[in-house]
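>>> give me a model of this one.
(chains A, B and C)
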Amino acid sequence: MTELIHEADLDHAHPEHEGTGVEDRKLGMWLFLSSEFLFFGALISNYLLYSQRPGFEGVYPAEIYDIPFTSVSSFVLLMSSLTMVLAHNAQTREDANGARTWLFATAALGAVFLAGQVFEFTEFIVEFDMKLSTNPAASAFYLLTGFHGTHVAIGVIMLLSLWGISRRRGGLSDRQGLNLELVGLYWHFVDIIWIIIFTVVYLLSEPPV
Amino acid sequence: MTATAERPTTTIFRRPSSTKGLWSWITTVDHKRIGIMYGYAAFTFFIIGGMEALLLRIQLSQANGEFLTAGAYNALFTMHGTTMIFLFVMPASAALMNYMLPLLIGARDVAFPRLNALSWWIFFFGGIFLYSTFIFGTSAPPVGVDGLGGIDGNLAPGGGPGSFNFLADSPDGGWFGYQPNAGPLYSPGTAMDYWALGLQIIGLASLVSSVNFLVTVLNLRAKGMRLLRMPVFAWMTTITSFLLLFSLPIIAVALFMVTFDRQFGSLFFAAQAGGDVILWQHLFWLFGHPEVYILILPAMGIVSEILPTFSRKPLFGYSAVVFAGAAIAFLGFGVWAHHMFASGITPVAQAAFGLATMTIAIPTGIKIFNWLGTMWMGRIRLSTPMLFAIGFVAMFTIGGLSGVTHAVVPSDWQQTDTYYIVAHFHYVIFGGAVFGLFGGLYYWFPKLTGRLMNERLGKVHFWLMLVGFNLTFGPMHWLGLQGMVRRTWKYAPETNLEPWNVAVTIGAFIIAFSILIFMINWFTSRRRGEASGLDPWDARTIEWMSPNPSPEYNFAVPPVVTSLDHFWHLKYDEDAEGRAVRKEDGDQIVSDIDHEQLNPASPIHLPNPSYFPFFFALGLPLMFYGVIYHKQLWGKGLIVVGLIIALAAVIGWAIEPLEEPHGDDEEEDEIPPSPPSAVLPASGGEMEPVDD
Amino acid sequence: MSSPEHIHHPTPAQYWKIAVVLAVLTAVEVAIYYIHRDFDLGNFNTVLLIALAALKFVIVIGWYMHLRFENRMLSRFFTGGFILACALYTIILSALGAIALTR
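Numbering: from 1, shown residues only, chains lettered A, B, ... in the order given. Down below sits the predicted model:
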């Protein structure tokens, strides 16, 4: 009798294959992240196009940046990459408590970053009257940072999910451990996009004369 | 017979376990079933898109035609283009890539089966979402304009007897959605939102698929299946996936920008506020040009499988064909502004893009000559798949030649926005991709059903379609050069364009008739076609080492590949002059393979069905309906509901247990081996039971 | 199936050191921003800031994302996507007049 066994994950059930030696899901994540350069590239170029084009009505983003504030939130996000990598490191040493702590820390730092973004946007809208519909440069700014923030938020949800799963089950299985590594890759990617945004959009951007 | 035994309730809802009935299709993660669903959906949209085209042609068969109002005409060519590109050719390619890729490389399934199901369901719901515009969409005259004085606008009543003016409320900004025409100021109402958000959903399906196929090809090949031993169709799937991976994010951003402009007041393309409308064209075509290579490369792969099989010769210059495909894809990223020669880009840009466009002719030419070289001195069998493959080579070459004339910038200025362009792209997409896809359907039909399609009907289909196709699109070359303008609902009698337009319309109906023949062939052959056996075409590649129709597990024992065209070399030796000589025990080898693959000796691990992909996909259109109507409370509510459903599905998916317990006391999943004569379809085959 | 052992795995101490480097680089960037505001570094400002950002970029990718120690193929895909994005968008920005690539 033939036995067909259905399982959710065939990672361990490959018969002998020609392959790359990289786990399927990890390879998939790297491919996906490679495509995200095209996504954020479009958003960043769009900002570069409009941010220094003269003649728009209303205030330009570069006129109202609060560099000290944004520097601090950039630092926060950068440090969240540290906590992320420490979480992964704890997982590889099978330190479930440590992994959970650092996972939560990463999510917390991410949440702080997001809170900072919300605060910054509120300031822009209320104090300086720069809304999505003020001018194309403002639209570009909000779309770029908004999508980045959305990516961070999704990351926070994934981090908290892993943290929650670990709490319920007393640790992460090998499969979930790989997922932690993959969430880490995603998280670092979101961080390096911010590295670009902070420099190019905040530090280097000047309003047209 | 499958017992649906109790499963431990490790998740909130019990794990799906059926293999028959609607629920089994909703929860399937089997790449073959997913491919079948893609195929039927794509073909349905082909028919719908075709009917849209016929309506257009009826209007154009008469000078100053009154059959359609301008508004209805605009909506029909918009939806015809959108449907054919995104809802027909792409999913039809996806159908064949899905069904065949694991078989071509000796794998059990794709790398991420649930993600594969997700792609399909996202596409399915996206297509429904897009087409629901015909029910829900609204269209209004541009802001501040009451009517366009003398010319029937979008909502003006009238049009000839039986006019289809009710269509005028549908998306009418063209499949390319140029701004600001398709923006909030000039296309108020919701129709173009359905268009933009519908495409957004469908794009996501393809992006997810591309990651899946790439990991599958990189990691799941059978032992000995080195990359440069893969069948060409597997290679073209890989290259197409790279194109999708890197081009879809661009259109995603562009569609978000247009949605935000339309819904949330942003000013990306608001010309009156300083927005740059040419930016839309750049972003759109930066995606749009790789998109056309996405449309054609799978079909080129199919043709590269069929020609060698029916010429009984190896593909001429296999490596060159593969690398040419990669070169086409790579160069294809650098030529997008050749769609914009008349939009005011600088002379330097025009020259650069014109030159780049011409270079693509080189790898394309390499492929064409290699196909010809494959057929040269081959012992050709003109079965239906072969007819379509040869038709592809001829028709695509014609389309490619008109393409070269477009690359010459001043010549393109004359051709732009005329029917000459319409002729070009229909020759390459229809004469190319569609002919290739039909070839693939006839060729791989046995894998699906264990039967052959009727040869006579197949040949009638081919010849009728070839004649109808050339009658439809051939005259468009000179109609265009005589000045017939695109995207315009009527032309004056003084232009003398009518006679050839009548011929074109007749051609279109001949095409429609030929499709009817195909459909009759398909449905009767599924039930009563001649049994195919394992190797009906005396084929070369390893997908034919799996029984027909395909068992759920594909291969009982994955082949260990020792060369390109591995299956062929199992059956044939070469004589002193390098000619193929069938081994004495060739037939025995084939029947041994059939027997071995139908009778697995040890347990086979297959991916578990799941309903989470279905529900995650369901959440997306709900959210997007909410976005369109977000100004109302219930719209906001829909966004929340959709988000919750999607989120719940993702979490359920993430915690779905790794393994269902299996052991002696569990009865589920035992499927008795199929009888040796593979006439009865196993569970991996077609939807309806076979009448015998 | 557990992840294959990596040949090199930075220790937590090394990760902390890298974090310090990243923080310092960020501080330097902000400092340069202010110096430019007061003393106008001209184009040098742009070059410096891009270089510093690039350095942070590479450090996070190479060590935190571990790409330095991974299969070369992953680097190729990732770098490929990055270069493709840079090339395509540079051309678009040039065509739209935002940057001057040609005379």
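
>>> next one: stretch B:335-355, is it in contact with chain C?
Yes: counting by Cβ under 8 Å from any Cβ of the partner chain, chain C is contacted by stretch B:335-355 at B:337, B:345-346, B:348-349. For glycine as for every other residue, the C-beta is placed from the backbone atoms N, C-alpha and C.

>>> what comes up buried for that stretch?
By neighbour count on 16 or more other Cβ atoms under 10 Å in any protein chain shown, the buried set for stretch B:335-355 is B:335-341, B:345, B:349-350, B:352-354.

>>> just those residues now: which is nearest B:Arg582?
B:Val335 (46.1 Å; Cβ to Cβ).

>>> now for B:Gly378, how many residues are close by?
16 (other Cβ atoms under 10 Å in any protein chain shown).

>>> next one: it from chain A, what distance?
30 Å (Cβ to the nearest Cβ, to the nearest Å).

>>> please tell me how far that residue sits from chain C.
In terms of Cβ to the nearest Cβ, B:Gly378 sits 37 Å off from chain C.

>>> and the buried residues of stretch B:335-355, which of them are in helices?
B:349-350, B:352-354 (DSSP state H).

>>> about what we covered before: any chance of CSV for the buried residues of stretch B:335-355, columns pLDDT?
Formatted as CSV, those follow (pLDDT from 0 to 100):
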residue, pLDDT
B:Val335, 96
B:Trp336, 97
B:Ala337, 96
B:His338, 96
B:His339, 96
B:Met340, 96
B:Phe341, 96
B:Ile345, 93
B:Ala349, 94
B:Gln350, 95
B:Ala352, 95
B:Phe353, 96
B:Gly354, 96
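
>>> hang on, isn't B:Ile36 packed against B:Ala95?
Yes: using Cβ atoms under 8 Å, B:Ile36 is in contact with B:Ala95, at 7.2 Å.

>>> tell me which of the two has more neighbours.
Neighbour totals were compared for B:Ile36 and B:Ala95, and B:Ala95 leads with 24 against 21 (other Cβ under 10 Å).

>>> so what's the more buried one up against?
B:35-36, B:38-39, B:42 (Cβ atoms under 8 Å, 6 or more residues apart in numbering or on different chains).

>>> wait, a helix at it?
Yes: counting by DSSP: H, G, I helix; E, B strand; the rest coil, B:Ala95 is part of a helix.

>>> which of the ones in helices among the buried residues of stretch B:335-355 lies closest to B:Glu494?
The nearest one, if we look at these relative to B:Glu494 and count by Cβ to Cβ, is B:Gln350, at 33.2 Å.

>>> please name the residues that touch the closest residue to that closest one other than its chain neighbours.
Nearest-residue entry for B:Gln350: B:Val409, 4.9 Å, with adjacent residues in sequence omitted and distances by Cβ to Cβ, 6 or more residues apart in numbering or on different chains. B:Val409 sits next to B:341, B:350-351, B:354 when contact means Cβ under 8 Å, 6+ apart.

>>> would you check which pair of these lies furthest apart?
Across the contacts of B:Val409 (Cβ to Cβ), the longest gap, 10.3 Å, separates B:Phe341 and B:Ala351.

>>> helices of chain A, start to end?
A:24-51, A:67-92, A:96-128, A:136-169, A:174-197.

>>> now tabulate those helices in CSV and tack on mean neighbour count, mean pLDDT and distance to chain C.
Listed next are these as CSV, based on neighbours: other Cβ atoms under 10 Å in any protein chain shown; pLDDT from 0 to 100; distance: least, Cβ to the nearest Cβ, whole Å:
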stretch, mean neighbour count, mean pLDDT, distance to chain C
helix A:24-51, 23, 96, 3
helix A:67-92, 21, 96, 4
helix A:96-128, 18, 97, 9
helix A:136-169, 20, 96, 11
helix A:174-197, 22, 95, 5
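
>>> in CSV: these, plus distance to B:Leu103.
Compiled in CSV, the helices of chain A are given as follows (distance: least, Cβ to Cβ, whole Å):
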stretch, distance to B:Leu103
helix A:24-51, 19
helix A:67-92, 37
helix A:96-128, 41
helix A:136-169, 34
helix A:174-197, 27
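
>>> for those, give me a markdown table that also has distance to chain B.
Output for the helices of chain A, formatted as a markdown table (distance: least, Cβ to the nearest Cβ, whole Å):
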| stretch | distance to chain B |
| --- | --- |
| helix A:24-51 | 4 |
| helix A:67-92 | 16 |
| helix A:96-128 | 13 |
| helix A:136-169 | 4 |
| helix A:174-197 | 6 |
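
>>> pLDDT score for B:Ser677?
pLDDT, B:Ser677: 33.
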